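A.B. asks: let's see this in three dimensions:
(one chain, ligands or ions: 1)
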Amino acid sequence: MTMRKPTAERPLLLIPGPTEVAPEVAAAATRAMIGHRGPEISELLQRTLPRVGRMLGFSSSVYPLGCSATGAMEGAVRNAAPGPFLHLVCGAFSRRWSEIRAACGLPGDDLEVEWGQAILPDQVEEALQGGSYAAVTLVHNETSTGVMNPLEQIAEVVRRNGNPLLFVDTVSSMAAVEMKLDEWDVDVCLAGVQKAWALPPGLTLCAVSERARRASETAPGKGFYFDWQVHEKSLLKWQTPSTPPISLLHQLDEALDRIDQEGSGARYRRHRDMQARVMEWASGRFEPFAQEGYRSMTVSALRSGSADLANLLSRMRARGYVVGNGYGKTKGEVFRIGHMGEWTLPALDAALSAMDEELSKASG
Ligand code: PLP
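C.D. replies: Residues are numbered from 1 along each chain as shown. Below you'll find the predicted structure:
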């Protein structure tokens with residue numbers, strides 16, 4: 001894999017998604033259009049979705065939803081009505097689950113930790129012992145803070161404490177970190193494809209366990225577009241209830257081939273190596289925002305300290321790199337480097353050297 005050279009006109013995205021799309025994947029969007037009720041779409045779905053399931057260590061259904069991840073989150077909440085829900089909140093996207101639930105008029109509680117901290121299994125255990133919940137929501141990789149929560153250990157605690165459904169947003173970790181959803185007994189795992197899958201946005205992959213789907217049979221007011229019963233009925237015929245984002249499915253097909261060529265183990269290693277490289281570079285320059293031991297493999301959040309962040313970001317953009325600002329309340333104090341999807345160590349090194357040059361110009 002090699003990345004193209006950055007230019008000011010066509011900068012490389014060093015933000016935590018959307019991210020660079022490989023030329024082969026971009027080209028797959030121009031494959032001949034196919035009808036959404038003919039045999040070709042069934043072949044495409046049958047070729048791609050089971051491969052996604054295998055990558056996730058998941059043997060139930062994976063629904064290809066024509067929406068961004070937020071839509072799939074709302075769908076999951078509606079399918080688990082009437083609740084109540086327990087939301088594990090450690091940043092802006094884990095808070096979103098709670099906001100969606102409140103907007104749907106359903107009951108729930110938040111277990112909230114300070115931004116930059118991880119959700120720890122003992123905290124989850126205590127919260128579960130204090131209430132009775134239909135579903136727990138978690139963001140595996142909190143993109144706003146650069147924290148990667150201990151999913152496997154949290155799942156184990158959830159199973160031992162009332163056994164509610166476990167809904168996990170893996171938007172910025174799926175396809176970058178190994179998942180063993182059956183083994184960990186995760187009920188819902190969803191991700192938009194514009195992060196580590198490195199596709200254009202518009203498709204969300206939503207893995208739903210049989211247990212979660214059965215529980216949704218009686219959910220009141222769950223609507224139609226996201227109803228898992230409706231999706232399952234279509235998937236049994238290798239179809240979707242409404243017109244899917246066909247070009248994105250072609251691109252997913254191509255992306256899966258690329259992942260096979262690289263090997264999923266090598267892909268996960270590459271993400272670990274990139275994270276280690278950014279942390280090594282940051283040491284002595286910038287303090288990591290996320291708690292040690294729980295730092296993300298795909299997005300490194302760093303405190304900008306005495307650096308003039310707005311100036312640094314605009315100089316980097318002029319050199320062909322879009323670096324992420326902080327998100328929400330950390331904007332202006334934290335910056336985020338997204339190292340996912342197509343990024344490689346040599347391309348990342350070049351970006352970090354450019355950043356060093358800009359930092360020394362600013363201090364000189
Ligand atoms: N969850 C996480 C962890 C995210 O990083 C994002 C977006 O960055 C979302 C949810 C929302 O995704 P979308 O904007 O595709 O709906």
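A.B. asks: for Ala32, grab the count of nearby residues.
C.D. replies: 6 (other Cβ atoms under 10 Å). C-betas here are computed from N, CA, C, even on glycine.
A.B. asks: now the one 3 residues further on
C.D. replies: In terms of burial, Gly35 registers 10 neighbours under the definition other Cβ under 10 Å.
A.B. asks: how much space between the nearest residue to it once chain neighbours are set aside and the ligand?
C.D. replies: Nearest residue to Gly35, sequence neighbours excluded (Cβ to Cβ, 6 or more residues apart in numbering): Ile41, at 6.8 Å. In this view, Ile41 and the ligand are 23 Å apart by Cβ to the nearest ligand atom, to the nearest Å.
A.B. asks: kindly report the same for Leu252.
C.D. replies: Distance, Leu252 to the ligand, by Cβ to the nearest ligand atom: 15 Å.
A.B. asks: quick one, phi/psi of Arg277?
C.D. replies: The phi/psi pair for Arg277 (degrees, to the nearest 10) reads phi -70, psi -40.
A.B. asks: now do the contacts for it.
C.D. replies: 339, 345, 348-349, 352 (Cβ atoms under 8 Å, 6 or more residues apart in numbering).
A.B. asks: which bits of the stretch 51-200 of the chain sit near the ligand?
C.D. replies: Neighbours of the ligand within the stretch 51-200 of the chain, by Cβ under 6 Å from any ligand atom: 68-70, 93, 139, 143, 169, 171-172, 192.
A.B. asks: low-confidence bits of the stretch 201-350 of the chain, can you list those?
C.D. replies: Along the stretch 201-350 of the chain, no part satisfies pLDDT under 70.
A.B. asks: which stretches of it form strands?
C.D. replies: Taking DSSP state E, counting those that start in this stretch to define them, one finds strands in the stretch 201-350 of the chain at 204-208, 287-288, 299-303, 321-325, 334-338.
A.B. asks: strand partners of the fourth one, parallel vs antiparallel please.
C.D. replies: Put plainly, it is strand 321-325. If you go by DSSP bridges, strand 321-325 pairs up with strand 12-14 (parallel), strand 334-338 (antiparallel).
A.B. asks: export the ones you listed to JSON lines and tack on mean neighbour count and distance to Lys233?
C.D. replies: Listed next are the strands paired with strand 321-325 as JSON lines, based on neighbours: other Cβ atoms under 10 Å; distance: least, Cβ to Cβ, whole Å:
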{"stretch": "strand 12-14", "mean neighbour count": "24", "distance to Lys233": "38"}
{"stretch": "strand 334-338", "mean neighbour count": "26", "distance to Lys233": "37"}
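A.B. asks: those: which one's closest to the ligand?
C.D. replies: Of all the strands paired with strand 321-325, strand 334-338 sits nearest to the ligand, with 9.9 Å by Cβ to the nearest ligand atom.
A.B. asks: contacts for that closest one?
C.D. replies: 13-17, 19, 143, 146, 278, 289, 298-304, 309, 312-313, 323-327, 351.
A.B. asks: from the ligand, how far off is the closest residue to Val147 other than its chain neighbours?
C.D. replies: Nearest residue to Val147, sequence neighbours excluded (Cβ to Cβ, 6+ apart): Ala290, at 4.5 Å. In this view, Ala290 and the ligand are 14 Å apart by Cβ to the nearest ligand atom.
A.B. asks: could you chop this structure up by domain?
C.D. replies: With domains defined by automatic domain parsing, the chain comprises 12-22+264-363, 24-259.
A.B. asks: hang on, the residue nearest to Val147 packs against Val299?
C.D. replies: No - in this structure, Ala290 is not within contact of Val299 by Cβ atoms under 8 Å, at 9.1 Å.
A.B. asks: compare those two (neighbour count), which wins?
C.D. replies: The neighbour comparison of Ala290 against Val299 (other Cβ under 10 Å) goes to Val299, with 32 against 24.
A.B. asks: once you drop chain neighbours, what's closest to that one?
C.D. replies: Nearest to Val299 is Pro16, by Cβ to Cβ, 6+ apart, at 3.9 Å.
A.B. asks: the residue nearest to Gly35 and Lys5, how far apart?
C.D. replies: 37 Å (Cβ to Cβ, to the nearest Å).
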